[in-house]
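Novice: let me see the structure of the following:
(chains A and B)
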Amino acid sequence: MSVVSLSSKKKKRTSSMDDKWLLSRCTSKSSEEIVVNDDDLLSLILLRISYRKLKCFKCVSKRWLYLITAPQFVGLRCSLLPLRAPIALFCQPCPNHVYFLPLDYPHNPSPFRTLDFANDPFDPQRIRILASCNGLLLCSTCLLALPHHITTYVYNPSSNQLAVLPKYPPPVANRVLYRSLAFDPKNSPHYKVIAFITTSLSDYTGDFHVYSSQTGTWTLSLHSFFLPKHMYLSYGVYWRSCLHWLGDLNFMSYGLYFNLDAGTLSTFPGPPINGKLTSKSSYFGESEGHLHFIGGCLTATSVTVYEMKTDYSHWFIKYSIDLAPISKVFPEMTKHKTCYVDGNSYVFAALSLIRREIFQEDSFLVLEIPGKVIRYNLVDTSFKAIWDFAVDFGVEKVDIWRFGTFRVWQYIEVWQYIEALLWL
Amino acid sequence: MASESKMIMLRSSNNEVFEVEEALAFESQTIKHMIEHDCADTVIPLPKVSSNILAKVIEYCKKHVTSPKDDNNELESFDAEFVNIDKNVLFGLMSAANYLNIKSFLDLTSQALADIIEEKC
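Specialist: Okay, the predicted model is just below:
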């Protein structure tokens, strides 16, 4: 037995060196077997393998398949997965067409093939994207049909995988007014869909139903809620595990938010607005855990970005953007017909606010102006056109460009979050 | 000022004894538990860890205990270099990290093995 202290780095070389060398070789060889044959240790390694490779490893053996599909394993993977930044925006101007706007690299290929993945008995052409949340899409068949004819889908464009939700539970609903999607891959591989279905024929009283991909069933969550006039539950924003909605801010001073776990509905203060808002140009969305609002006012000369405090106490001004320098470079902002008709100083619509602080990059605002999409850097105030509708989509006559026809969503690559759709 | 840190003796599977400072040894939750619950005598036996592996584990712990807390870049580059080794040794290190219950080391070695597998397959 020899004593080795840390002060002397060199080991004494003795004649028993060969035995030790042999032993160490044997030990290290069996280490691989020790690790691979241990479920916990093997899982620790597999947790960190990309999903693409993991799909292949499921075929190695029954044991490997069991390990990879175990619910604990799936849950742990979520917490380890790297965060992905939105890399593009997309919109659906007409039923069977999706515009894909890459934000960083113009030649990023669009993952959208076609949207005719569903079979709508009434009209296969009319699949609509209702919402997008952290990369998953909520889609629906024709919105004008009766509730039992409407089918709801959740779609992952990165992997072209589709989940068809079961129909709503009886009693047969009056009208399915609104649906929203809640998905946070950092916390769970499962998603939820919220539907507000009216129960009264005379007014907008209805129930909130929640579908969970974990259980595969709808549950009645909140019964008999009277939806106030001017309150609309479309385009819900998922933030801090709750879904948020703003109605028509010209009439409503508050918004609603729904806590999915507790099944409770609460109000939060509406953002400050100066002048009459056009909802088409306004933006309400989430990025990197921040809730933002941008009001599209008809007489605006600057863009003010408001952010909500995490305790819902008030909105504060996060960014203020002067539009004059942008209109100098893009004079079409002041030459649009709405400038003369509605009295606009500048014509713009806020499409999306993308924070990139977690990735240590500059956050930016995406603005739509007549015929173009501008990316405005919020840190150094530089800006450039990243899309030209005339050039890229063959759209002509930008001076009569129709604003607010495009609802855009952030596209995040989610092929690694496919577990949410696999475990149905 | 004399450094009066208590020294711990660790015996590897092939009977070599390593003498380390208590603070360093306590990076291993297994060793810490054994000492705090009086489960060990003067020398702590580690029958599942060979000498060459134990030496490397000690080297890792020493670096992490003695480095200033806010110097993340230096630790990161040390870690990256540290796992840039033969995969058989890496398996041995991961096994030892698990047995000795050193979480950061277990994360480091399992990530390194995942990277190797990712690249190879």
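
Novice: how close does the closest residue to chain B within the stretch 251-400 of chain A get to A:Ala85?
Specialist: Here the stretch 251-400 of chain A gets closest to chain B at one residue, A:Gln360, 13.9 Å apart by C-beta to the nearest C-beta. Yep, even glycine has a C-beta here, placed from its N, CA and C like the rest. Applying C-beta to C-beta, to the nearest Å, the value for A:Gln360 to A:Ala85 is 11 Å.

Novice: where do the helices sit along chain A?
Specialist: Along chain A, counting by DSSP state H, helices occupy A:17-37, A:39-46, A:51-57, A:62-69, A:71-80, A:324-329, A:337-341, A:389-393, A:419-422.

Novice: pretty sure A:Leu42 sits against A:Glu32.
Specialist: No. Here A:Leu42 does not reach A:Glu32: they are 10.9 Å apart, not a contact under C-beta atoms under 8 Å.

Novice: returning to that earlier point: mean pLDDT lowest where, among the helices of chain A?
Specialist: Ranked by mean pLDDT, the helices of chain A bottom out at helix A:419-422, with a mean of 41.

Novice: next one: the residue nearest to B:Met9 when sequence neighbours are not counted from B:Ile35, what distance?
Specialist: Closest residue to B:Met9 apart from its sequence neighbours, by C-beta to C-beta, 6 or more residues apart in numbering or on different chains: B:Val43 at 4.2 Å. Note on B:Val43: its distance to B:Ile35, by C-beta to C-beta, is 12 Å.

Novice: re earlier: please verify my assumption that the residue nearest to B:Met9 contacts B:Arg11.
Specialist: Yes. Assessed by C-beta under 8 Å, B:Val43 is found in contact with B:Arg11 at 5.1 Å.

Novice: which one's more surrounded, the two?
Specialist: Neighbour count, other C-beta atoms under 10 Å in any protein chain shown: between B:Val43 and B:Arg11, B:Arg11 has more, with 18 against 15.

Novice: the more buried one pairs with what?
Specialist: Per DSSP bridges, the residues bridged to B:Arg11 are B:Val17, B:Pro45.

Novice: one more: A:Ser266?
Specialist: Beta-bridge partners for A:Ser266, by DSSP bridges, are A:Tyr257.

Novice: residue 44: neighbour count?
Specialist: Just going to use chain A. 22.

Novice: try chain B instead
Specialist: 19.

Novice: how much space separates the closest residue to it other than its chain neighbours from A:Glu288?
Specialist: Using C-beta to C-beta, 6+ apart and skipping the chain neighbours, the partner closest in space to B:Ile44 is B:Leu10 (5.2 Å). Applying C-beta to C-beta, the value for B:Leu10 to A:Glu288 is 45 Å.

Novice: looking at the two now, which is surrounded by more residues?
Specialist: More crowded of B:Leu10 and A:Glu288, by other C-beta under 10 Å: B:Leu10, with 23 against 15.

Novice: what's near enough to touch A:Phe364?
Specialist: A:Leu103, A:Leu353, A:Ile354, A:Arg356, A:Arg375, A:Tyr376, A:Asn377, A:Leu378 (C-beta atoms under 8 Å, 6 or more residues apart in numbering or on different chains).

Novice: show me which of the residues you listed are buried.
Specialist: For the contacts of A:Phe364, a neighbour count by 16 or more other C-beta atoms under 10 Å in any protein chain shown gives the buried set as A:Leu103, A:Leu353, A:Ile354, A:Arg356, A:Arg375, A:Tyr376, A:Leu378.

Novice: which strands and helices sit next to the longest helix belonging to chain B?
Specialist: Determined from DSSP H, the single longest helix within chain B is helix B:103-120. Counting contacts by 3 or more C-beta pairs under 8 Å, 6 or more residues apart in numbering or on different chains; DSSP states H and E, helix B:103-120 packs against helix A:39-46, helix B:51-66, helix B:87-100.

Novice: can you pull the buried residues of the second one?
Specialist: Looking back up the chat, that one is helix B:51-66. Going by 16+ other C-beta under 10 Å, helix B:51-66 has these buried residues: B:Ser51, B:Asn52, B:Ile53, B:Leu54, B:Ala55, B:Lys56, B:Val57, B:Ile58, B:Tyr60, B:Cys61, B:Lys62, B:His64.

Novice: mind putting the helices and strands packed on helix B:103-120 into a markdown table with distance to A:Ala324?
Specialist: Output for these, formatted as a markdown table (distance: least, C-beta to C-beta, whole Å):
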| stretch | distance to A:Ala324 |
| --- | --- |
| helix A:39-46 | 55 |
| helix B:51-66 | 54 |
| helix B:87-100 | 59 |
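
Novice: thought A:Ser180 was touching A:His244?
Specialist: No. At 9.4 Å, A:Ser180 does not count as touching A:His244 under the criterion of C-beta under 8 Å.
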